[in-house]
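Undergrad: Fold the stuff below for me.
(3 chains)
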Amino acid sequence: MPFRLSQLAARFDLERRGESDPEIDGVGTLANAGPTRLAFLANPLYRDQLAGTAAGAVVLRAADADRSPSPCLVAKDPYVAFAKIAALFEPAPALAAGVHPSAVVAPDAVVSPTASVGPLVSIGARARIEAGAIIGPGCVIGEDCVVGAGSELVARVTLVTRVRLGQRVHIHPGAVLGADGFGLAMDGGRWIKVPQLGGVVVGDDCEIGANTCIDRGAIEDTILEEDVRLDNQIQVGHNVVIGAHTAMAGCVAVAGSARIGRHCLIGGGAGIVGHIEICDKVMVTAMSLVTHSIAVAGEYSSGTPIQPSREWRRNAARYKHLDELARKIAAIEAGRPPKAKD
Amino acid sequence: MPFRLSQLAARFDLERRGESDPEIDGVGTLANAGPTRLAFLANPLYRDQLAGTAAGAVVLRAADADRSPSPCLVAKDPYVAFAKIAALFEPAPALAAGVHPSAVVAPDAVVSPTASVGPLVSIGARARIEAGAIIGPGCVIGEDCVVGAGSELVARVTLVTRVRLGQRVHIHPGAVLGADGFGLAMDGGRWIKVPQLGGVVVGDDCEIGANTCIDRGAIEDTILEEDVRLDNQIQVGHNVVIGAHTAMAGCVAVAGSARIGRHCLIGGGAGIVGHIEICDKVMVTAMSLVTHSIAVAGEYSSGTPIQPSREWRRNAARYKHLDELARKIAAIEAGRPPKAKD
Amino acid sequence: MPFRLSQLAARFDLERRGESDPEIDGVGTLANAGPTRLAFLANPLYRDQLAGTAAGAVVLRAADADRSPSPCLVAKDPYVAFAKIAALFEPAPALAAGVHPSAVVAPDAVVSPTASVGPLVSIGARARIEAGAIIGPGCVIGEDCVVGAGSELVARVTLVTRVRLGQRVHIHPGAVLGADGFGLAMDGGRWIKVPQLGGVVVGDDCEIGANTCIDRGAIEDTILEEDVRLDNQIQVGHNVVIGAHTAMAGCVAVAGSARIGRHCLIGGGAGIVGHIEICDKVMVTAMSLVTHSIAVAGEYSSGTPIQPSREWRRNAARYKHLDELARKIAAIEAGRPPKAKD
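TA: Next up is the predicted model:
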């Protein structure tokens, strides 16, 4: 389990600097790591902590190496290097293959002999659990669902119906995939339900956060391409398509039939309305609302800055009359009395 | 299972146009439906797809019928007509009545012999599951709860305590009804909990989305009238009352003791503060915050439009001084120097 | 179970006013309480209901006592007094100590003989359930978790791994503590996962709402100090620290590594970005976004007021050009043509 710093340097192809070659048995923060721990410096917010660190070694950029009191591993991207090294120290739960006796598996479901199905799991008709997949305690796998090889449902995940997961998909507790999309039609003063006949398709290497919901499609499928990363508490409506390598922070809401490009970054609590299209490489800042299609890559925002409420209230009151203010300015510029509101 | 288009026209009282009478075995989208599928055109956003459709038939408005390359069913509201027809093709899971042997049912709970209680369900003291109700896998039904006739809890739904569901209520996975309302009182620098002694009453034909929460009342009940439709990830605080036929999109938050009228439409991510009243037929657009009572029907909004962040930052910085700007304008209009801030 | 009003006055050290000494067998609202119920008046919004109340008695402030038609208990803080009295009437579910036969407990987990473990619970390796703790139906307790003495997990709560709860912690259904933090690094166009090696530490007397998520730390722990109160549907990212006695309303999102002080009040749907610090006694109003550290106690807001959409749209359109408007004003004041945009 412990490694010499020189071993880590060789294994991850990183340059080692400093005289000593400490033994490393885990990772830590610059502020608190002890002499057998490896820390890292990637976010410049934490640069001040470098000089005082007691870490056994530090992963950092070449430009920061001279200021390190400890031996270093120099990386072009210290966060990536740290992520790979830290994985060595991650405790891997020893899960036996097989189906726990308390699990309830439909007779026509197929579970690979190398998959692990935990306690109190329910697996429905015609579901398929592929090689090496892990179904943690309390999960519910509904009818006609597929869990691809090497995927992990940590615990208490629900796949409702017609959900097909690719390989190495990682889903956190409380997530619900494949629930009915929110399809309603108003008929004589009462709602009638529009049947949701599609499914959900999740590409390889996707990650889906705790309590996140992805509804199944109305007619066709809701789709996540490969390597999509969704944080917790996200809502994805029916027939949404999310492009490969896009990541969304917590509490984002995406309404039905929106199409989001590849390599997008959607900030926490942002909203995306339905039936619009966002191109590749769009960033949306936290709590912004995207109300129309975006065809040009770049960063987008809405909202107003935080202020002491006493000041904010005065400004907010003026916002209600902003159009009027603008008309007054135009009138002043034109040297005439302000136009009446239309 | 397949139907002639003429049979569908007769069954749903729709006008059929076009020479041929194709056999229809399912539904599809205008873009992708094949010759045995029925598509529909309701949202004008998709009108361009009509000319190129390969669908066997299309449900649409009379005004669009001439442009359809396929035979049509003409409907005043094509979305309603489509919803009804699509229901014919919805696979109905064959659920046997009875209690799965892995379910744990309190001795004094009452389960109708025509109800279906799935695997790994827990049913608490004095609970009542009425005729034809379906309790899917992993649900927890707490003490003194009632699930009305024909209601369905899809999977892993929790009714905590004193939750009474009407008939044909449909609840999606992860929803939590009847948890303690968030009632706290500050007593000498520490919080004390205010007991939450009420329940939750849900009217007939309500639908409640995945991971949505509805807290029970503090003294009296939290109430959803009939035919209320809540999407996923919604939060409804204690003692809220939601009027009949109101629908809320995903991620709405309603604070305690708010009263919302009938036939309201609340957009995704909107917020409603506590102790206010919203009248019937109010629409609130996505991510708006309702901070005061609304007594006039109509559509309401707050927030600012999305922009490239570079432009947005300049505008947002000015918002912090909007009151000052308004004072300057007033001063210019009055031909005097700007007033000092109060 | 019923109490004379005089008994309640003595027990809670409150002044009793009025001639009669009614028997009280429960609590109610001013509007609906009958003659054996105790109501309260704390929020001035409800003062109008006092004159017409049929409650047997009312808890209120001295200033309101004269207007009460019923005998009163006079309290400095009627809400606190009411909370304490109402607790007398709260039905306490009779839970037997012991482990339900349907629960699945790892052989090396330790469950106190005075703890109650409900049906269909799963308890993982090396977990510890301390004296008097209650683990409700459907909970999943992962490896290396601790549930402190007197804590209650109501139902279907998930503690993923390395979650340590203090004493008397109260967690509502659907909450997920200890899921992986959202740590990703972009490596050659694909995401790689940053191992999340920390845990979650929750102090004594914390309350955590339904479907709320608290991720475990990347290296060190995510921390809630004592008496933190979180409502439903809240998202707390990895390595967040929340100070003692802070309360958050529903749907708040706190991004990773944010540090929040003590005695803060965070309004519903508010957002707090990562890596910032908020000092003690900060209030944030509903749906505000905190984008930078706050070093001065007080109330903070962002956003714009709700308006009829027709008016709002005109104002929102102007917001996109607010910087330009401000430049025009400056130009007018200076008596020169407006500056070109930079």
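Undergrad: how long is stretch A:243-254 from one end to the other?
TA: Its start and end residues considered, stretch A:243-254 measures 13 Å (Cα to Cα, to the nearest Å).
Undergrad: Give me the distance from that stretch to the chain's centre.
TA: Taking Cα atoms, centre = their mean, to the nearest Å, one finds the center of stretch A:243-254 at 6 Å from the center of the full chain.
Undergrad: Ok, stretch A:168-181 next?
TA: With Cα atoms, centre = their mean as the basis, the distance from the averaged C-alpha position of stretch A:168-181 to the chain average is 13 Å.
Undergrad: Alpha carbons only: can I get it in PDB?
TA: Extracted as PDB, the C-alpha positions of stretch A:168-181 are listed here (Å, rounded to 0.1, in the frame of the first residue of the first chain):
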ATOM      1  CA  ARG A 168     -19.000   1.600 -16.400                       C
ATOM      2  CA  VAL A 169     -22.000   3.900 -15.600                       C
ATOM      3  CA  HIS A 170     -21.900   5.000 -12.000                       C
ATOM      4  CA  ILE A 171     -25.200   6.000 -10.300                       C
ATOM      5  CA  HIS A 172     -25.500   7.300  -6.700                       C
ATOM      6  CA  PRO A 173     -28.200   6.700  -4.200                       C
ATOM      7  CA  GLY A 174     -31.700   7.900  -4.600                       C
ATOM      8  CA  ALA A 175     -31.400   8.600  -8.400                       C
ATOM      9  CA  VAL A 176     -34.500   7.700 -10.400                       C
ATOM     10  CA  LEU A 177     -34.100   6.900 -14.100                       C
ATOM     11  CA  GLY A 178     -37.000   6.200 -16.400                       C
ATOM     12  CA  ALA A 179     -39.900   7.600 -14.500                       C
ATOM     13  CA  ASP A 180     -42.800   8.900 -16.600                       C
ATOM     14  CA  GLY A 181     -42.100  12.200 -18.300                       C
END
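Undergrad: distance of A:Trp191 from C:Arg37?
TA: According to Cβ to Cβ, to the nearest Å, A:Trp191 stands 37 Å off from C:Arg37. All C-beta spots, glycine's among them, are computed from the backbone N, C-alpha and C.
Undergrad: Neighbour count for the two, which is higher?
TA: When A:Trp191 and C:Arg37 are compared on other Cβ atoms under 10 Å in any protein chain shown, the one with more neighbours turns out to be C:Arg37, at 23 against 19.
Undergrad: and the closest residue to that one other than its chain neighbours, how far is that from B:Thr114?
TA: Excluding the flanking residues, the one nearest C:Arg37 by Cβ to Cβ, 6 or more residues apart in numbering or on different chains is C:Gly28, at 3.6 Å. When Cβ to Cβ is applied, the distance between C:Gly28 and B:Thr114 equals 38 Å.
Undergrad: Repeat that for A:Ile219.
TA: Using Cβ to Cβ, A:Ile219 is found at 32 Å from B:Thr114.
Undergrad: Likewise for A:Asp231?
TA: For A:Asp231, the distance to B:Thr114 - Cβ to Cβ - is 42 Å.
Undergrad: ok, the two, which is more surrounded?
TA: Neighbours per residue (other Cβ under 10 Å) separate A:Asp231 from B:Thr114, with A:Asp231 holding more: 31 against 14.
Undergrad: which residues does that one contact?
TA: For A:Asp231, the residues meeting the contact criterion (Cβ atoms under 8 Å, 6 or more residues apart in numbering or on different chains) are A:209, A:212, A:247-252, A:268, C:182, C:235.
Undergrad: Let me know the pLDDT of it.
TA: If you check A:Asp231, the pLDDT there is 98.
Undergrad: what do you get for A:Gly256?
TA: At A:Gly256, the predicted lDDT confidence score is 98.
Undergrad: That one - nearest residue in space that isn't next to it in sequence?
TA: Once its chain neighbours are removed from consideration, A:Gly256 has its nearest residue in A:Gly237; the separation is 3.7 Å (Cβ to Cβ, 6+ apart).
Undergrad: isn't the one you found right up against A:Ile260?
TA: No - in this structure, A:Gly237 sits apart from A:Ile260 without contact. The criterion is Cβ atoms under 8 Å, and the distance is 11.6 Å.
Undergrad: Show me what the residue sitting nearest the centre point of chain A is bridged to.
TA: The structure's chain A has its C-alpha centroid closest to A:Leu230; by Cα atoms, centre = their mean the separation is 2.5 Å. With DSSP bridges as the criterion, A:Leu230 is bridged to A:Ile208, A:Met248.
Undergrad: With the one 5 residues further on instead?
TA: When bridges are assigned using DSSP bridges, the partners listed for A:Gln235 are A:Cys213, A:Ala253.
Undergrad: neighbours around it, how many?
TA: Other residues near A:Gln235 number 30, with proximity taken as other Cβ under 10 Å.
Undergrad: That one: what's it in contact with?
TA: A:212-213, A:252-254, B:231-233, B:250-251, B:268.
Undergrad: Filter these down to the buried ones.
TA: Restricting the contacts of A:Gln235 to buried positions leaves A:212-213, A:252-254, B:231-233, B:250-251, B:268, with burial counted as 16 or more other Cβ atoms under 10 Å in any protein chain shown.
Undergrad: Who are the contact partners of the residue nearest to the centre of chain A?
TA: A:206-209, A:212, A:214, A:224, A:236, A:247-248, A:252.
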